[in-house]
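> Next come a sequence and a model predicted from it.
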Amino acid sequence: MMTAFFPVRDTRGVTIAALLCAARIPLAAAGFALAIAGGVASAQEVAPHAIDIPPWFTETFLDFGEDIRDAARDQRRLMVYFGQDGCPYCTQLMVTNFSQRAIVEKTRRHFVAIALNLWGDRETKWLDGRVRTEKELARFLDVQFTPTLLFFDERGKVVARLNGYYPPHRFEAVLDYVAGKRERKETLAAWLARQAPDAASARLADEPFFAPPPHDLRRAAGGKPLAVLFETTHCGPCDELHRDGFTRPGIRALLERFDIVRFPLGARTGLTTPDGRTTTARAWATELGVTFAPTIVFFGAEHGREVFRIDAYLRPFHVESSLDYVASGAYRGEPSFQRYIQERAERARAAGGSVDLWK
């Protein structure tokens, strides 16, 4: 049995989640607390997953077409979670979000929840009828980081995709959006802006490294890669990116290796795209599928095609790693940013440094 717009990117582009994982933090104690918080329904005797999950998650044959139909018969929708061992953001989701009674009750009432292991070997059957292991399915769906959650409608369309950890108030608003079938009326971003606003600045932060207009973004031989930042006012993660991310010496050094432009989401600013087309920032953001702020889209120096993107705020370590991944050209030889960031962290530790994913 078994995020609005859901892109499966081609091999030229890689999507990065909002908050990422690379450390080993066990969740052994979480299962007991979650069982108390949520009760037991369809409990698993032995979880085949890389991280402890609530006992009320459902164990199925991982035939997603069948799971969607079964959920619909019960007047529910399917929620698929990708996690991995040692993921502090998965821990936050499980221990913080799924310890709150309102969230647990709402999830159990309106959704069938299924957990997958980013590196797992269990066989799954996707909606195209093909059988893939969990890790093959994660690659097919371009799940680069954890947690990632997919919410399906009754026809098998992904109506919401959460790349990374959402704090409880925003996560519960997403549940309300999907359970209420709000995707038929408005985008998830518009819903969250009203239902779960962040306390944030009413002004966009400026940076000295933002290129001024006119914005001709075509790439030239021997030039720098391009980083395009889309953000909005009243955006807490945007403010934090400027305050805690762009002020770090390591990040500032890497930013010098890019041409960088910033556009407010919805702006009608004129520009020339990397492939030479004339458009506006608003139209281009729509074309690129940018729905969350902040988003940073990276384009290669040699061809001007998208090679990577950040789909919301990351902690500074991951911002720095993302910049290094593109600036160094590592994305050409290592398509999995997850593996790249793990190796980068291991090198830092081997050199005597410390790696804190939250800093």
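Received, thanks.

> residue contacts, Arg248?
The neighbours of Arg248, taking C-beta atoms under 8 Å, 6 or more residues apart in numbering as the test, are 316, 319-320. All C-beta atoms are positioned from the backbone trio N, CA, C, and that covers glycine.

> hey, what's the residue most central in space within the chain bridged with?
Nearest to the mean C-alpha position of the chain, by C-alpha atoms, centre = their mean, lies Asn163 at 1.9 Å. On the basis of DSSP bridges, Asn163 takes part in beta bridges with Thr148.

> For Ala301, see how far away it is.
The gap separating Asn163 from Ala301 is 25 Å, by C-beta to C-beta, to the nearest Å.

> what's the answer for Glu105, then?
51 Å.

> Who has more neighbours out of the two?
Remark: of Glu105 and Ala301, Ala301 carries more neighbours, 21 against 13, as counted by other C-beta atoms under 10 Å.

> How about the contacts made by the nearest residue to the more buried one once chain neighbours are set aside?
Sequence neighbours aside, Pro225 is the residue nearest to Ala301 in space, at 4.5 Å (criterion: C-beta to C-beta, 6 or more residues apart in numbering). Pro225 is in contact with 257-259, 298-301, 307, 326-327, counting by C-beta under 8 Å, 6+ apart.

> Please apply the same query to Gly222.
Contacts of Gly222 (C-beta under 8 Å, 6+ apart): Ala301.

> repeat that for 10 Å
Residues counted as contacts of Gly222 (C-beta atoms under 10 Å, 6 or more residues apart in numbering) are 301-302.

> Does it belong to a helix, a strand or coil?
Using DSSP: H, G, I helix; E, B strand; the rest coil, the structure places Gly222 in coil.

> Any quick PyMOL command for the buried ones out of the contacts of Pro225?
To isolate the buried subset of the contacts of Pro225 in PyMOL, counting by 16 or more other C-beta atoms under 10 Å, use the following:
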select buried, resi 258+259+298+299+300+301+307+326+327
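
> In the protein, where's the longest helix?
helix 337-350 (DSSP state H).

> Same question for it: list its buried residues.
For helix 337-350, using 16+ other C-beta under 10 Å, the buried residues are 337-338, 340-342, 344-345.

> Could you list every helix and strand that that helix packs against?
strand 15-16, helix 316-327, helix 330-333 (3 or more C-beta pairs under 10 Å, 6 or more residues apart in numbering; DSSP states H and E).

> just the contacts of Arg248: which has the poorest pLDDT?
The member of these with the lowest pLDDT is Pro316, at 88.

> Let me know whether that residue touches Arg252 as I believe.
No. Applying C-beta atoms under 10 Å, one finds Pro316 not in contact with Arg252, separated by 11.1 Å.

> can you list residues touching both of those two?
Common neighbours of Pro316 and Arg252 (C-beta under 10 Å, 6+ apart) are 245-246.

> between the two, which one's more packed in?
Between Pro316 and Arg252, counting by other C-beta under 10 Å, Pro316 is the more crowded of the two (20 against 15).

> gap between that one and Asp244?
6 Å.

> lowest confidence element among the helices and strands of this protein?
helix 30-38 (a mean of 35; mean pLDDT, DSSP states H and E).

> pLDDT on the helix or strand hosting Val104, on average?
Using DSSP states H and E, Val104 sits in helix 101-110. Taken as a whole, helix 101-110 has a mean pLDDT of 94.

> Then stretch 88-96?
Mean predicted confidence for stretch 88-96 is 85.

> List the buried residues for it?
Quick answer for stretch 88-96 (16+ other C-beta under 10 Å): 88-95.

> quick one on the thing from earlier: who are the packing partners of the next helix or strand after the least confident helix or strand of the chain?
Heading C-terminal from helix 30-38, the first helix or strand you meet, by DSSP H and E, is helix 64-73. Applying 3+ C-beta pairs under 10 Å, 6+ apart, we find helix 64-73 packed against strand 77-83, strand 111-117, strand 123-125, strand 148-152.

> Tell me which of these lies nearest to Arg182.
Taking C-beta to C-beta, strand 148-152 is the member of these nearest to Arg182, at 11.3 Å.
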